[in-house]
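Novice: Got a predicted model here, sequence first, then my questions.
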Amino acid sequence: MTTLKNEKEILLMTEAGKRLGAVLATLKKAVRPGITTKELDALAYQLITAPGDTPAFLGYQPDGAAVPYPATLCASVNDGVVHGLPGGRQLAEGDIVKLDLGLIHKGYYVDAAVTVPVGKISARTRKLVAVTEEALARAVKAARPGRTLGDIGHAVQEFVEANGFSVVRALTGHGIGKDLHEDPAVYNFGTPGTGERLRPGMTLALEPMVNAGRP
């Protein structure tokens, strides 16, 4: 069931989002050839906890997971789409790394990700990143009261496929608030006018995931 948030809750989540955005901005600057994803994870933990917030992913155990997630950051390199576990891998010139991160601020979760180039990347990869960023902007624009989840998915799918890429269909965005993953699931494909109608107070993590190959 979709949970609607009141004005006070949304203000708390707005502040949480600003804090998470600042953390991601610092992590983005730290990305360079030779740094390991484990080092980025340690920096993420430090940046989140220093002002008193809590990493959202560390110790999180969703339904079906055998063990809790053991890191603060999901760091996925190149053809890893999401959920990459940080470790000793050193980033190399020409890689891209997806930094996916969440935090808890005063009992409320926020969740965001950014794809970061490591040094110089190919023209095809630059286009992939740019198309994904624009797809997110179009998803945000489509998320308005009175529209539907299908409108969001269609906005992402139409733009991505028009640019020669594909959307990942096995993974979705989601509602967020008092829990990391709340209803509804937010697909990156869909038919306009279908699905749950969007209402004031819904808080959604929109997560376009785009492949250069097949879905």
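Specialist: Cool, got the structure.
Novice: Now do the lengthiest helix in the chain: which elements does it pack against?
Specialist: Determined from DSSP state H, the single longest helix within the chain is helix 7-30. In terms of contacts (3 or more CB pairs under 8 Å, 6 or more residues apart in numbering; DSSP states H and E), helix 7-30 is packed against helix 37-49, strand 96-105, strand 108-117. C-betas here are computed from N, CA, C, even on glycine.
Novice: Turn these into CSV, columns for mean pLDDT.
Specialist: Listed next are the helices and strands packed on helix 7-30 as CSV, based on pLDDT from 0 to 100:
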stretch, mean pLDDT
helix 37-49, 98
strand 96-105, 98
strand 108-117, 98
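Novice: can you redo the ones you listed as JSON lines with mean neighbour count and distance to Gly175?
Specialist: Listed next are the helices and strands packed on helix 7-30 as JSON lines, based on neighbours: other CB atoms under 10 Å; distance: least, CB to CB, whole Å:
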{"stretch": "helix 37-49", "mean neighbour count": "20", "distance to Gly175": "22"}
{"stretch": "strand 96-105", "mean neighbour count": "22", "distance to Gly175": "13"}
{"stretch": "strand 108-117", "mean neighbour count": "21", "distance to Gly175": "10"}
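Novice: Present those as JSON lines; the columns should include distance to Ser76.
Specialist: Below are the helices and strands packed on helix 7-30 laid out as JSON lines (distance: least, CB to CB, whole Å):
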{"stretch": "helix 37-49", "distance to Ser76": "9"}
{"stretch": "strand 96-105", "distance to Ser76": "4"}
{"stretch": "strand 108-117", "distance to Ser76": "9"}
